[in-house]
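>>> Below: sequence and its predicted model.
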Amino acid sequence: MTTTRDLENLLKLSFNGDRDAFEQLYHATSAKLFGIVLRILRNRAQSEDALQDIYVRIWQKAGDFESGRASVITWMATIARNRAIDIVRRQRPEADIDEVDVDTLASTDTVFEEVARAGEVRRLEHCLGGLEDDRQQMVKLAYLEGWSRAELAERFAQPVGTIKTWLHRSLRQLKECLGS
């Protein structure tokens, strides 16, 4: 597992032009960022394209990162989330998009982002351990690897509605365990 300090070092090396470090940074963070983007765009191909653009921006802005303000993963997640929201706004410029919905997307952090910001990975692992094995696996696939509800339904042989309910209850249990 890559630590926050490792990610900071990889980002600094990337800023200095180290492509190998940037590749390592990509491999350590791309699944999480893809999950964030996919949750907003709800289209796998579009999310993959957006992810490429996001990493170009991360490469270009690596020097802007300030370690005292946020963790590397939180900083990168913010770039990813903002880019995905920009794409949503550009696609539907008419009044279809409720500004409240977009603002909610912009300000709502997943449980994982809150934990990363606080640097409490051990607490998250402990709380995940309190979930049933299938729920634990489902949460990881949905929020760390970006699986859709339909993919989860197929994988766990359950209706999509059941998957949504299980995820909602699991996230509520995680939030209670984490005290947020």
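Cool, the structure landed.
>>> mind listing what Gln158 touches?
Counting by CB atoms under 8 Å, 6 or more residues apart in numbering, Gln158 makes contact with 152, 166. C-beta coordinates here come from the backbone N, C-alpha and C atoms, glycine included.
>>> Mind listing what's buried along the longest helix seen in the chain?
Ranked by residue count, the top helix of the chain under DSSP state H comes out as helix 19-41. Neighbour counts using 16 or more other CB atoms under 10 Å place 21-22, 24-26, 28-30, 32-41 of helix 19-41 among the buried residues.
>>> right, and the helix or strand after that helix?
Using DSSP states H and E, the helix or strand that follows helix 19-41 in sequence is helix 44-61.
>>> buried stuff in that following helix?
Neighbour-count burial for helix 44-61, counted by 16+ other CB under 10 Å, picks out 46-47, 50-51, 53-55, 58-59.
>>> what does stretch 135-149 give?
For stretch 135-149, burial by neighbour count (16+ other CB under 10 Å) applies to 135-136, 138-143, 146-149.
>>> Please enumerate residues in contact with it?
Everything outside stretch 135-149 that qualifies as a contact, by CB under 8 Å, 6+ apart, is 31-32, 34-39, 42, 44, 47, 110-112, 128-129, 131, 151-152, 155-156, 160, 163-164, 166-167, 169-171, 174.
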